[in-house]
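Enquirer: Sequence plus the predicted model coming up.
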Amino acid sequence: MSRKQKYAAASLAALAAILLAGPVLFSQSAAEKAPKALTPERIKELQAADKDILGNLELAKKDDPSYEAVAGIMPGMKKPREVIGVRYHPHDIGVAPDGTLELSDDYDAKGAPTSFFEVGTPAVRFGSAPAGCFKSLLQGYLPIVTARFDHDGVEYRQTVFGYSEGLSPDKDLWAFVELEAKNPGAQPVQTAVRIRFAPEMPVNAPKTWDLKLATGSSQKIHLRIPFAIKTQKYGEVAEAEYDAAIKSVFAFWVKELNAGLKLDVPEPRINEAARAWLAYAALDVDKINGVLEPHDGAGFYEEIFGYSAALLPHALDLWGRPDAARQILDSLLTFQKPDGLFTMNFGTPDPGTLLGSIWEHYRLTGDLTWLRGVAPKMIKMADWIIKKRKESMILTGGKKSVTFGLIKFSPYCDFQTPSYDYFGDTYCAMGLEKTALALQAAGMKDEAGRIGGEAAAYRKDILASMDAAAIDRWGMKVLPLEPETHRVLKSTNYRAGGYYGLIAGCMLESEFLPADNTRAGWVMRFMEEKGGLRLGMAEFDGGVDHAYTYGYWLDCLKLDRVKPAILGLYGSLAYGMSRETYSGVEVTHLFTGANEPTLPHLYSCSQQLRLLRMMLVREDGADLRIGQAIPRPWLEAGKRIDVRNAPTVFGPVSFKIDSHIDRKEIAVDLKAPIRETPKSIILRVRHPNGEAIKSVTVDGKPIASFKDDTVTLASPRGMLKILVEY
């Protein structure tokens, strides 16, 4: 059973339960101006539609997509789940939708232990329906989770965080818990609070506190609960001990999550979400036998999935965490096999993805000593790719087959039967190309030339295969992702949703095909016109799997189609994660708010971080683009965007944009990178009302290199003060 099948829920039953008077959706027809109710019939219409009706409506608006507009279309996630713990600890504590603590590495397993409160008389479970509980993160982003539950006139607030001695990943993990009961009413009340464990266990018996609350007063209970609940005892702790623990945890995470790239934009949820994604990613990485293992989840997917694990270091590098990125790259290399292969529970894309992230780490850090140290392992990995693809270099009747020069291996974690697939081949070919560049930088010219030659031949074979494999369907060119079997296309009845869209997005993400390449165009058009997108995100199982859309969004940015990327960001925030705690999920059933329990999901964290960074700062060959996809409302009068120490291949860049459009100007302070001077910095200043630039001065001197909303700064150096006038 595939990992998605393990958690996939049947959406039809959920659809039948939707009330007719649900949230409203705008009609497909431009002539229909009244909103339609989200009826089961309307849902079927939207799911069966070839085009992304809802997404296209947002993109057709004059204004950019906004969080408020996108989030208002359908219900948010019904079952948010967070984790708390200590960075790199091999265990994590889940916080279930109702605030229950999950004390297991597999919370879905039979008999997995949990801890929860019951409140009131008669007792009800904290966070239970119909009211449920409202969860938030301390300061909006720290992995300290507060859940509020109101019952019988009493406000209950549960705050939990993970702790170990010295915050060490090698020490026992504990959950520190505060339960506060507050009486906001005009009369005194009496209530009870009980801590319980399931399944019941002799070593940890329930305990009850009887509380008498005067008007406006509150009482607090403080507990220390072990992750190893079956063998270790929980206990009540003094408030001073709790306060000391939360103070140390608070200080650690504030420092950790505010290091590196510093982001301050006018939309608080963006600032909070980026830091929260970094926190969840750190908790999804487990230190085991001295090795850092990026697991795709915490309490689920407790394995390394090579492809997604190898993408995390790139996200960390982009956000100014080179030490963490290097440690994870070094750890992943310990799993390389004697024949050079790196693969972990995924398949063909694994070695190419890891090679690419190694090269990108060098480009972003300039750490030549480290690069030279890992170069022998890169060569061995590259040689495995070269050797493996030679197995298919067989002529039949003197002719090359459609799979000539491709690799037959396990293509994808959910499809382990060996097959030829372009997702894996494009990543492996890209890996060879970047290995050649790395070896050239390391001074290993002969090996660079050899592997570079192999990469060029591999590229030629893949492109020839794609051209031969493309079929005419639905009045367009369609690229089968598995050229020999068409397995993925057959699984979707030759539509672009389901696994096709997920894998296609990953193939585009490899950047093997330039965004303006005809073959990339085939894939993007197919996704857009045959059910591959829903609200700008990759369709899956009647809902979306947002993180797999990154390659499509990246190509949209390269084609300067910025609105789909903005829609992707806000769609992810509204439906790809919990709205208040930013915990990313794999698979959301859009029309019901139902979500799989696969959160926080490491791959989602990486992709969300990469998308946001590319919208703000993106390398484009010898050029550096700044502000390309900044949403227009961020530049309304009086607003500021502040990005500091953003790593780029040219060195760190910082910029501050202050909007004074009430007096028809926007001021930009730019600190250009100094490790290498870009050919140009292309600064996009997206006026809130779409107005074109009339004049630009740099350090008080007028320049003419601007057009529409874009300023081009040739060979920029040092600190620059730019004034854009309208």
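Expert: Here it is on my side, so go on. Bear in mind that the values here come from a model prediction, so they are computed numbers and not experimental data.
Enquirer: got the contact list for Lys721?
Expert: Contact analysis of Lys721 by CB atoms under 8 Å, 6 or more residues apart in numbering lists 667-670, 698-700. Any C-beta I mention is one placed from the backbone N, CA and C, and that applies to glycine too.
Enquirer: now this protein, which segments are flagged as low pLDDT?
Expert: 1-37 (pLDDT under 70).
Enquirer: Next, the buried residues of the top helix by length along it.
Expert: For the chain, the longest helix by residue count, based on DSSP state H, is helix 445-469. Neighbour-count burial for helix 445-469 flags 447-448, 450-452, 454-455, 457-459, 461-462, 465-466, 469 (criterion: 16 or more other CB atoms under 10 Å).
Enquirer: same question, stretch 145-158
Expert: So for stretch 145-158, counting by 16+ other CB under 10 Å, buried means 145-149, 151, 154-158.
Enquirer: For the stretch 601-726 of the chain, which segments are assigned as strands?
Expert: 617-620, 623-626, 640-646, 653-660, 665-671, 680-684, 695-698, 701-703, 706-707, 710-714, 719-725 (DSSP state E, counting those that start in this stretch).
Enquirer: Deepest-packed of those strands, please.
Expert: strand 623-626 (a mean of 22; mean count of other CB atoms under 10 Å).
Enquirer: quick one on the thing from earlier: out of the buried residues of helix 445-469, which comes closest to Pro90?
Expert: The shortest gap between Pro90 and any of the buried residues of helix 445-469 belongs to Ile451, at 36.6 Å (CB to CB).
Enquirer: OK, contacts around that closest one?
Expert: Remark: with contacts taken as CB under 8 Å, 6+ apart, Ile451 is in contact with 379, 382, 386, 432, 435-436, 439.
Enquirer: so which two of those residues are the farthest from each other?
Expert: The largest separation in these, counting by CB to CB, is between Ile386 and Leu439 at 13.6 Å.
Enquirer: about what we covered before: mind checking which of the contacts of Ile451 are in helices?
Expert: Going by DSSP H, the helices hold 379, 382, 386, 432, 435-436, 439 from the contacts of Ile451.
Enquirer: neighbours of Ser413, just the number please.
Expert: Rather than Ser, residue 413 is Cys. 22 (other CB atoms under 10 Å).
Enquirer: Stretch 542-555 spans what distance, first to last residue?
Expert: This stretch, stretch 542-555, spans 24 Å end to end (CA to CA, to the nearest Å).
Enquirer: Can you list the buried residues in it?
Expert: 542-555.
Enquirer: So which of the residues you listed are in strands?
Expert: 543-544 (DSSP state E).
Enquirer: care to break the chain down by domain?
Expert: The chain breaks down into these domains under automatic domain parsing: 82-250, 623-725.
Enquirer: Could you save those domains as a markdown table and add columns showing distance to Phe335?
Expert: Below are the domains of the chain laid out as a markdown table (distance: least, CB to CB, whole Å):
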| stretch | distance to Phe335 |
| --- | --- |
| domain 82-250 | 16 |
| domain 623-725 | 26 |
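Enquirer: For Ala71, which of these is the nearest?
Expert: domain 623-725 (14.1 Å).
Enquirer: roughly how far is the closest one from the heart of the chain?
Expert: 27 Å (CA atoms, centre = their mean, to the nearest Å).
Enquirer: Now do the end-to-end distance for it.
Expert: Using CA to CA, first and last residues of domain 623-725 are 24 Å apart.
Enquirer: next one: stretch 439-452
Expert: Span of stretch 439-452 from end to end, CA to CA: 10 Å.
Enquirer: cool, stretch 314-324 as well?
Expert: 10 Å.
Enquirer: starting at the chain centroid, how far to that stretch?
Expert: 14 Å.
Enquirer: Same check on stretch 245-259?
Expert: 22 Å.
Enquirer: That stretch: which residues count as buried?
Expert: Neighbour-count burial for stretch 245-259 [16+ other CB under 10 Å]: 245-246, 249, 253, 256-257.
Enquirer: likewise stretch 330-348?
Expert: 330-333, 335-336, 340-348.
Enquirer: CA atoms only for that stretch, dumped as CSV, please.
Expert: Provided in CSV are the C-alpha atoms of stretch 330-348 (Å, rounded to 0.1, in the frame of the first residue of the first chain):
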residue,chain,number,x,y,z
ASP,A,330,26.6,15.2,5.1
SER,A,331,24.2,13.0,7.0
LEU,A,332,22.4,12.0,3.8
LEU,A,333,25.7,11.1,2.2
THR,A,334,26.3,8.5,4.9
PHE,A,335,23.5,6.4,3.4
GLN,A,336,25.2,6.2,0.0
LYS,A,337,25.8,2.6,-1.0
PRO,A,338,29.2,1.2,-2.0
ASP,A,339,28.2,1.3,-5.7
GLY,A,340,27.5,5.1,-5.4
LEU,A,341,23.7,4.9,-5.3
PHE,A,342,21.8,7.1,-2.9
THR,A,343,18.2,6.2,-2.6
MET,A,344,15.9,6.1,0.5
ASN,A,345,12.3,4.9,0.2
PHE,A,346,11.6,6.9,-2.9
GLY,A,347,13.4,6.0,-6.2
THR,A,348,15.1,7.3,-9.3
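Enquirer: Could you number the chain from 15 rather than 1 from now on?
Expert: Sure, I'll start counting at 15 from here, so that last one is stretch 344-362.
Enquirer: How about residues contacting it?
Expert: Contacts for stretch 344-362 (CB under 8 Å, 6+ apart): 305-308, 317-324, 327, 364-365, 368, 388, 391, 393-398, 421, 423-427, 429-430, 435, 437-439, 441-442.
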